[in-house]
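>>> got a sequence here, can you model it:
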Amino acid sequence: MAETIYILCAVTSALCAFMLLRGYARSRARLLLWSGLCFVFLFANNMILAVDRVAFPDRVLVAPVIRSAVALAGLMLLLYGLIGDAE
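Sure thing, here's the model as predicted:
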């Protein structure tokens, strides 16, 4: 059951990233770019988690700190976009 949730979260993140980046390509609204890039990093985070938990459940391939750093990088991109577009 947990494996299904991990995969669904990754698919959802990828779909959100695709739609946001496609919207950016059409409208050139910069906030769509930053949001799309954030979801790309969240997709990477979810894929790392799925590989860690599903493919190799008995070993830890990637430290949780690295996984969290990937998510933090995505959120920092979004924060940069929100602050940059406010000016």
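>>> ok, residue 23 - contacts?
Contacts for residue 23 (C-beta atoms under 8 Å, 6 or more residues apart in numbering) come out as 29, 32, 36. For glycine as for every other residue, the C-beta is placed from the backbone atoms N, C-alpha and C.
>>> distance-wise, check it relative to residue 38.
14 Å (C-beta to C-beta, to the nearest Å).
>>> kindly report the same for residue 65.
20 Å.
>>> ok, these two, which is more surrounded?
residue 38 (24 against 8; other C-beta atoms under 10 Å).
>>> rewinding a little: now a ChimeraX select for only the buried ones of the contacts of residue 23.
Paste this into ChimeraX to select the buried members of the contacts of residue 23, with burial taken from 16 or more other C-beta atoms under 10 Å:
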select :32,36
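>>> of the contacts of residue 23, closest to residue 44?
Closest approach between the contacts of residue 23 and residue 44, by C-beta to C-beta: residue 36, at 13.1 Å.
>>> got any ranges where this protein has weak pLDDT?
For the chain, applying pLDDT under 70 flags the ranges 87.
>>> wait, what's in contact with residue 47?
residue 10 are the contacts of residue 47 under C-beta under 8 Å, 6+ apart.
>>> buried residues in the helix or strand harbouring it, which are they?
Taking DSSP states H and E as the definition, residue 47 sits inside helix 30-50. Buried residues in helix 30-50, defined by neighbour count with 16+ other C-beta under 10 Å: 31-50.
>>> quick revisit: any chance of the contacts of residue 23 in CSV, plus distance to residue 57?
Listed next are the contacts of residue 23 as CSV, based on distance: C-beta to C-beta, whole Å:
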residue, distance to residue 57
29, 41
32, 37
36, 31
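>>> just the contacts of residue 23 now: which is nearest residue 5?
For these, the nearest to residue 5 is residue 36 (23.3 Å; C-beta to C-beta).
>>> residues in contact with that closest one?
17, 20, 21, 23, 24.
>>> please report how far it lies from residue 55.
Taken as C-beta to C-beta, the span from residue 36 to residue 55 is 27 Å.
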